[in-house]
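Peer 1: Let's see this in three dimensions:
(one chain, ligands or ions: 1)
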Amino acid sequence: MGFDTLKTYVLIVGGGPAGLATGIALRQRRLSVVVADLARPPIDKACGEGLMPQTVAELKTLGVALGPSQAIPFRGIRFLGEGRVAEGAFPEAFGLGIRRTTLHRALVERAAEVGVQTLWGTRVKRIDQGEVSLDSGKVLCRWIIGADGQNSLVRKWAGSDSGRPEETRFGFRQHFRVAPWTDFVEVHWGCNCQIVVTPVNPNEVCLVVTSRTPQLRLKEALAQFPEINRRLEGRPAATKDLGAISALRIIRRVCRGPFALVGDASGSVDSLTGEGLGLAFHQASALAQALANGDLTQYEVAHRRINRPPEMMSRLLLAMENRAWLRRRALAALAKEPHLFERLLAVHAGTFSPLTFGFGNFFRLGWSLLANPG
Ligand SMILES: Cc1cc2nc3c(=O)[nH]c(=O)nc-3n(C[C@H](O)[C@H](O)[C@H](O)COP(=O)(O)OP(=O)(O)OC[C@H]3O[C@@H](n4cnc5c(N)ncnc54)[C@H](O)[C@@H]3O)c2cc1C
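Peer 2: Below you'll find the model as predicted:
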């Protein structure tokens, strides 16, 4: 539908999870907002489809409650590899496995409920003297939020550094119609790739393979993992493979003039952390609060604080991914001392501060890594 000129306080470029969450958080603060996305809902994307407990909590703050018909709970993370199994349960709450399209639908519904104006199938093209051109008209606004993903156009407009990715890997996702065999998210470590298995409903699991090889697809990768093959009972994949880039990318400035960045546009972490969506939702609330207070420096500071722990976790997991000896030792250490895994998860889940983890535990983990030859 075409229009001449729309006026709004905030324009959000991108109606993925970050854009919709920011729109909802702004409406919760009674600010007027338009979200434009070139795609139409429900928008799909290659994703592990696991929401960590703190991600579920962020969604609740936005008023998005997911029911049993939409999502399935999991109670922790299990690492399998090098002949070891190590697992940690979350200290308090559950995580949720959910199809990406189901999550997008829930966000779209909540956005409509709180009065976010949405323009689907609408590409945002350029900015000229404060006026933003879309392919269906123009928008006049006070603030422009870039929620337009990893290759953000708004990030270029803002003149922010593109934060060359520290590490780039490739992820491919498919679903299989088998009843989940576990209520944990499983991370299977191979020699050159990992497969993450997430239960997403009572009859379906989501599998993602990540590696440094852009050609590696699930079908070939599965040959390394007979245990998963056995569980899949020879069933063919129920969905086509969908790929995306998994990058650890740190952007130094996420606000400039009338621009602010949120979600993957503002930097990203490796997909193995399972944290991309949680970051986006947490940032969305912080950004909306800063805009309501009329002070974007608050968001700049909050963004740094929110992103730091998952960035650290990305580096740790990427080190394990990259070095066979470290992977062997870490898996052996975590299998031997499950409560250390649980404490690490609690720090990761934000329910336990890194300070409380304490020097004693860091010392024990370090010692275990040295003492377990694998
Ligand atoms: C392999 C893989 C597995 C992952 N697994 C998990 C997981 O299990 N759990 C988790 O929490 N996170 C996971 N993530 C991370 C998560 O998928 C991302 O962090 C999340 O998608 C970021 O959302 P976003 O809204 O910022 O960006 P996106 O989802 O990329 O949305 C950006 C939107 O902007 C729109 N857009 C772009 N340019 C324009 C334009 N010019 N005009 C209009 N619209 C535009 C696009 O159409 C798109 O809809 C995974 C990532 C990968 C790669």
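Peer 1: rest of the way, CA atoms for contacts and neighbours
Peer 2: Noted.
Peer 1: and Ile195, that's in a strand?
Peer 2: Yes: counting by DSSP: H, G, I helix; E, B strand; the rest coil, Ile195 is located in a strand.
Peer 1: List the beta-bridge partners for the closest residue to it other than its chain neighbours.
Peer 2: Nearest residue to Ile195 in three dimensions, chain neighbours excluded: Val209, at 4.5 Å (C-alpha to C-alpha, 6 or more residues apart in numbering). On the basis of DSSP bridges, Val209 is bridged to Phe172, Ile195.
Peer 1: you'd agree Val209 is up against Lys219?
Peer 2: No: using C-alpha atoms under 8 Å, Val209 is not in contact with Lys219, being 9.5 Å away.
Peer 1: re the thing from before, distance check, the residue nearest to Ile195 against Asn192.
Peer 2: As judged by C-alpha to C-alpha, to the nearest Å, Val209 and Asn192 stand 10 Å apart.
Peer 1: who has more neighbours, these two?
Peer 2: Set Val209 next to Asn192 and count neighbours by other C-alpha atoms under 10 Å: Val209 wins out with 25 against 15.
Peer 1: mind listing what Val254 touches?
Peer 2: Ser160, Ala260, Leu261, Val262, Ser266, Glu300, His303 (C-alpha atoms under 8 Å, 6 or more residues apart in numbering).
Peer 1: Spit out the contact partners of the residue nearest to Ile195.
Peer 2: Val209 neighbours (C-alpha under 8 Å, 6+ apart): Gly171, Phe172, Arg173, Cys193, Gln194, Ile195, Val196, Arg217, Leu218, Ala221.
Peer 1: how about a cut-off of 6 Å?
Peer 2: For Val209, the contact set (C-alpha atoms under 6 Å, 6 or more residues apart in numbering) comprises Gly171, Phe172, Gln194, Ile195, Leu218.
Peer 1: now do Phe259
Peer 2: Ile144, Ile145, Ala158.
Peer 1: Closest one of the residues you listed to Ile98?
Peer 2: Using C-alpha to C-alpha, Ile145 comes nearest to Ile98 of these, at 26.5 Å.
Peer 1: Tell me what that closest one is bridged to.
Peer 2: Listed beta-bridge partners, Ile145: Ile12, Ala260 (assigned using DSSP bridges).
Peer 1: and it, how many neighbours?
Peer 2: A count of nearby residues for Ile145, using other C-alpha under 10 Å, gives 26.
Peer 1: Wait, it touches Val10, no?
Peer 2: No: in this structure, Ile145 is not within contact of Val10 by C-alpha atoms under 6 Å, at 7.3 Å.
Peer 1: From Ile145, how far off is the closest residue to Glu342 other than its chain neighbours?
Peer 2: Residue nearest to Glu342 in three dimensions, not counting chain neighbours: Gly88, with 4.5 Å by C-alpha to C-alpha, 6+ apart. Distance check for Gly88 against Ile145: by C-alpha to C-alpha, it reads 37 Å.
Peer 1: Can you read off the backbone torsions of Leu51?
Peer 2: Main-chain dihedrals, Leu51, degrees, to the nearest 10: phi -110, psi 120.
Peer 1: I'd assumed Leu96 was in contact with it.
Peer 2: Yes: the pair Leu51 / Leu96 is scored as a contact, 5.0 Å apart, by C-alpha under 6 Å.
Peer 1: Neighbour count for these two, which is higher?
Peer 2: The neighbour comparison of Leu51 against Leu96 (other C-alpha under 10 Å) goes to Leu96, with 27 against 24.
Peer 1: what residues are up against the more buried one?
Peer 2: Applying C-alpha under 6 Å, 6+ apart to Leu96 gives the contacts Gly50, Leu51, Ala71, Ile72, Pro73, Phe74.
Peer 1: so it sits in a strand?
Peer 2: Yes: remark: Leu96 belongs to a strand, assigned using three-state DSSP.
Peer 1: Not including adjacent chain positions, what is the nearest residue to Gln224?
Peer 2: Closest to Gln224 by C-alpha to C-alpha, 6+ apart is Gly190, at 6.9 Å.
Peer 1: Number of residues surrounding the one you found?
Peer 2: Residues lying near Gly190 (other C-alpha under 10 Å) number 19.
Peer 1: From Arg105, how far out is Gly16?
Peer 2: Gly16 is 10 Å from Arg105, by C-alpha to C-alpha.
Peer 1: before we move on, the earlier item: so which of the contacts of Val254 is the most crowded?
Peer 2: Leu261 (34 neighbours).
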